[in-house]
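> No sequence on hand, only this structure:
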């Protein structure tokens, strides 16, 4: 695929992602995406044979970007692993201020919707969330090794519980339109990791 073709494909994906993050997958028609992107329908079908395949490509791109951001955030930088892990969770606290426009919201927005609608899209999100949990578990293992996380939690089980809790808190934050669920998740995270409470979030 040439550079121009790649850029057109990425432009369609980026435009669709912005709209779908706000409205959901089913509520957005192809015409809305194509009008916003300024491309004809024939161009869409040149890159994506169906809306479902577009959705799968959108999620593949999103997951790859998210994992790259997570890798950069959790990468060793001289700070304790626990501090890097808590920076990740601190990033979730910005969700109410962003109106849930951040990258985390696409999982919150689409997981329930696409799980019953598209096996391919469900599989992309499932692989992505499993990869996220794996990276969080590796950071917890680093914390146990460097002493910044006290001995105790099984890294994989702890990472899974934390990610599940934060996804649930993000969903409740959308329902409540206030951050108490995320604040509670932050306090519970410190308890589960046996980290000192640094006061109100």
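Structure's in. What do you need? Keep in mind that what you see is a predicted model, and the values were worked out from it rather than measured.
> right, and the helix or strand after the helix or strand of the chain with the lowest mean pLDDT?
Within the chain, confidence by mean pLDDT, DSSP states H and E is lowest for helix 95-98 among all helices and strands, at a mean of 54. Using DSSP states H and E, the next helix or strand after helix 95-98 towards the C-terminus is helix 104-115.
> Quick check: closest non-adjacent residue to residue 152.
residue 194 (6.2 Å; C-beta to C-beta, 6 or more residues apart in numbering). Just so you know, the C-beta spots here come from the backbone N, C-alpha and C atoms, and that holds for glycine as well.
> right, and that neighbour touches residue 147 too?
No: between residue 194 and residue 147 there is no contact under C-beta atoms under 8 Å: 11.7 Å.
> still on that earlier bit, any idea how far residue 174 is from the residue nearest to residue 152?
Distance of residue 194 to residue 174, given as C-beta to C-beta, to the nearest Å: 30 Å.
> The two: which has the busier surroundings?
residue 174 (15 against 12; other C-beta atoms under 10 Å).
> What residue spans form the domains of this structure?
1-49, 51-192 (automatic domain parsing).
> deepest of these, which one?
domain 51-192 (a mean of 17; mean count of other C-beta atoms under 10 Å).
> Go ahead and measure how far that one is from the middle of the chain.
6 Å (C-alpha atoms, centre = their mean, to the nearest Å).
> secondary structure class for the residue sitting furthest away from the middle of the chain?
Distance from the centre of the chain peaks at residue 42, with 30.8 Å (C-alpha atoms, centre = their mean). Under DSSP: H, G, I helix; E, B strand; the rest coil, the three-state class of residue 42 is helix.
> Against residue 74, how distant is it?
42 Å.
> about what we covered before: contact partners for the residue nearest to residue 152?
Neighbouring residues of residue 194 by C-beta atoms under 8 Å, 6 or more residues apart in numbering: 149, 150, 152, 153.
> hey, where'd the helices end up in the chain?
Ranges of helices within the chain are 3-23, 30-37, 41-47, 51-74, 81-92, 95-98, 104-115, 119-146, 155-176, 180-192, based on DSSP state H.
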